[in-house]
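S.K.: Here is my input; please provide its structure:
(one chain, ligands or ions: 1)
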Amino acid sequence: MSIIELDKQYVAGTYNRFPVEIVSGKGSLVWDSNGKEYVDMGTGIGVTAFGISDDVWKNAVMEQIERVQHMSNLYYTEPCALLAQKLCERTGMKKVFFSNSGAEANECAIKVARKYASEKRGADCYTIVTLNNSFHGRTLTTLSATGQEHYHELFQPLTPGFASVDAGDLEAIKALNESVKVAAVIIECVQGEGGVLPVSADFVKALREYCTQEDILLMIDEVQTGNGRTGQLYAYMNFEIEPDVVSTAKGLAGGLPLGATLIGEKAQNVLGFGDHGSTFGGNPVCCAAALSNINRIDDALLEDVRAKSKFLFETFADAPGIKSVSGMGLMIGLETVKPAGEIVAVCIEKGVLCLTAKDKVRLLPALNIPMDVLKRAADVIKAVCAE
Ligand code: PLP
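M.R.: Next up, the predicted model:
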């Protein structure tokens, strides 16, 4: 049997895969089992932040594997402590809880909010407000937080205590806070799965003010937008606000599973012994990879991300077959005349791997994609959209 047939027979059918078997890669290029080359404009959905098998990343991982690949959280390990320090220094947050995925990073944020609010504002203060069209993960509780009904339908009953409002509608949050007590609001600064839609800076700033006034925790889901993706280390930094909790994953460890929940001053002491835990969370190899990544996301790299973003926005603006361009940094959505799925399928034939997000073609290239490779991919995408 071929790998594709084996996968179809034995792997749970939750993914509608393209008929491509990727066997290797280097940087922003990958090769399939027939030796065909592709430019990777999806990075495993924003994960391989510095590309495939990047040398700096690989050395950080290999050096740590030589020392110790795992220790339980009963003991201290250097990469975990150094990464937590680095994340706090770069964000102003005070404590970090490490997990293994974006959903788990959000799950921890939700637990922090529930405990903080019940201790400070009473057991009836538990409602967490999310935005319509958001995406926060696939565990039952993060599904409940996700403001898209179609994800909910097959999995009732969901975790109670979530309500969703439209992005930008602060009045709806205020109204909710008068009918139920709101413990926290969780938002993505750019809704990724929802179609690469940035929320407005005015809304985020006004929300920050309102949450501070009402002692509501403002939690930013940076699972997709984080770790340099939008041209700042974290997307909220584009809006000059300070959140109370930040969750991140995907690009953090560049291809190894690591989630992080960053907790700001207000709630820094909420989690105590036994309140939360994870066998693999804070794994030294994943943390060494993340430390290497975060150290590389400096001002020069972020400047370069913004320059490449400008190039992509300019390339696709007013291009034939493209109705609009949305997003921030190297997180870009193209509203195309032809269905996005069709565009992506033709791009694969022509050697470029892209993603979709709802009705958009979504591009999440490596932060360090070489300019000539980026141009090559952009030319293909532009031509396919125009056909
Ligand atoms: N939050 C956001 C904003 C995401 O985009 C995703 C995944 O796409 C998640 C959470 C869930 O992350 P994971 O699949 O690592 O659990």
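S.K.: what residues does the stretch 151-300 of the chain put near the ligand?
M.R.: With C-beta under 6 Å from any ligand atom as the criterion, the stretch 151-300 of the chain meets the ligand at residues 188, 192-193, 221, 223-224, 249. For glycine as for every other residue, the C-beta is placed from the backbone atoms N, C-alpha and C.
S.K.: can you pick the most crowded of those residues?
M.R.: Of all those, the highest neighbour tally under other C-beta atoms under 10 Å goes to Asp221, namely 32 neighbours.
S.K.: hang on, that residue packs against Val185?
M.R.: No: with contact defined as C-beta atoms under 8 Å, Asp221 and Val185 do not form a contacting pair (10.8 Å).
S.K.: export the residues of the stretch 151-300 of the chain next to the ligand to CSV and tack on pLDDT and secondary structure?
M.R.: Shown next, in CSV, are those (pLDDT from 0 to 100; DSSP: H, G, I helix; E, B strand; the rest coil):
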residue, pLDDT, secondary structure
Glu188, 98, coil
Gly192, 98, coil
Glu193, 98, coil
Asp221, 98, strand
Val223, 98, coil
Gln224, 98, coil
Ala249, 98, coil
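S.K.: right, and the pair among these with maximum separation?
M.R.: The most widely separated members of those are Glu193 and Ala249, with 13.6 Å between them, by C-beta to C-beta.
S.K.: the strands in the stretch 101-250 of the chain, which residues?
M.R.: If DSSP state E, counting those that start in this stretch is used as the criterion, the strands of the stretch 101-250 of the chain fall at 125-131, 162-165, 181-187, 190-191, 197-198, 217-221, 245-248.
S.K.: which neighbours does the second one have in its sheet, and in what orientation?
M.R.: Here strand 162-165 has these sheet partners by DSSP bridges: strand 125-131 (parallel).
S.K.: Which residues does the helix or strand of the chain with the lowest mean pLDDT contact?
M.R.: Using mean pLDDT, DSSP states H and E, the weakest-scoring helix or strand in the chain turns out to be helix 149-152, at a mean of 94. With contact meaning C-beta atoms under 8 Å, 6 or more residues apart in numbering, helix 149-152 is reached by 135, 143-144, 146, 158.
S.K.: Using PDB, write out every CA atom in that helix.
M.R.: Listed next in PDB are the C-alpha coordinates belonging to helix 149-152 (Å, rounded to 0.1, in the frame of the first residue of the first chain):
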ATOM      1  CA  GLU A 149     -21.700  27.700  15.900                       C
ATOM      2  CA  HIS A 150     -20.900  25.100  13.300                       C
ATOM      3  CA  TYR A 151     -18.000  23.800  15.500                       C
ATOM      4  CA  HIS A 152     -20.400  23.300  18.300                       C
END
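S.K.: Can you give the distance from it to the centre of its chain?
M.R.: 20 Å (C-alpha atoms, centre = their mean, to the nearest Å).
S.K.: shaky segments in the stretch 101-250 of the chain?
M.R.: In the prediction, the stretch 101-250 of the chain carries no residues with pLDDT under 70.
S.K.: cool, and the stretch 251-387 of the chain?
M.R.: In the stretch 251-387 of the chain, no residues with pLDDT under 70.
S.K.: What segments of it are strands?
M.R.: 259-263, 322-328, 331-336, 352-353, 355-357, 360-363.
S.K.: Beta-bridge partners for the residue of the stretch 251-387 of the chain found nearest the ligand, please?
M.R.: The stretch 251-387 of the chain approaches the ligand most closely through Gly259 (6.7 Å), counting by C-beta to the nearest ligand atom. Counting by DSSP bridges, Gly259 forms beta bridges with Ser99.
S.K.: who wins for neighbours among the contacts of helix 149-152?
M.R.: Thr146 (27 neighbours).
S.K.: which stretch of helix or strand covers Tyr76?
M.R.: Assigned by DSSP states H and E, Tyr76 falls within no helix or strand.
S.K.: Could you measure from it over to the ligand?
M.R.: Using C-beta to the nearest ligand atom, to the nearest Å, we find Tyr76 at a distance of 26 Å from the ligand.
S.K.: Kindly report the same for Pro19.
M.R.: Distance from Pro19 to the ligand, by C-beta to the nearest ligand atom: 23 Å.
S.K.: and the nearest residue to that residue once chain neighbours are set aside, what does it touch?
M.R.: Of all residues not flanking Pro19 in the chain, Ile4 sits nearest, at 6.3 Å (C-beta to C-beta, 6 or more residues apart in numbering). For Ile4, the contact set (C-beta under 8 Å, 6+ apart) comprises 17, 19, 21.
S.K.: So which of those residues is the closest to Val39?
M.R.: Glu21 (17.3 Å).
S.K.: Enumerate every residue touching Leu207.
M.R.: Contacts for Leu207 (C-beta under 8 Å, 6+ apart) come out as 170, 173, 185, 187, 218.
S.K.: Which one (most neighbours) among those residues?
M.R.: Val185 (29 neighbours).
S.K.: burial measure for His64, as a count.
M.R.: One thing to correct before we go on: residue 64 is Gln, not His. By other C-beta under 10 Å, neighbour count at Gln64 equals 22.
S.K.: And for Leu363?
M.R.: 27.
S.K.: tell me the contacts of the residue nearest to the spatial centre of the chain?
M.R.: Residue closest to the average C-alpha location in the chain (C-alpha atoms, centre = their mean): Gln224, at 1.5 Å. Residues near Gln224 by C-beta under 8 Å, 6+ apart: 45-46, 102, 188, 190, 192-193, 250, 331, 364.
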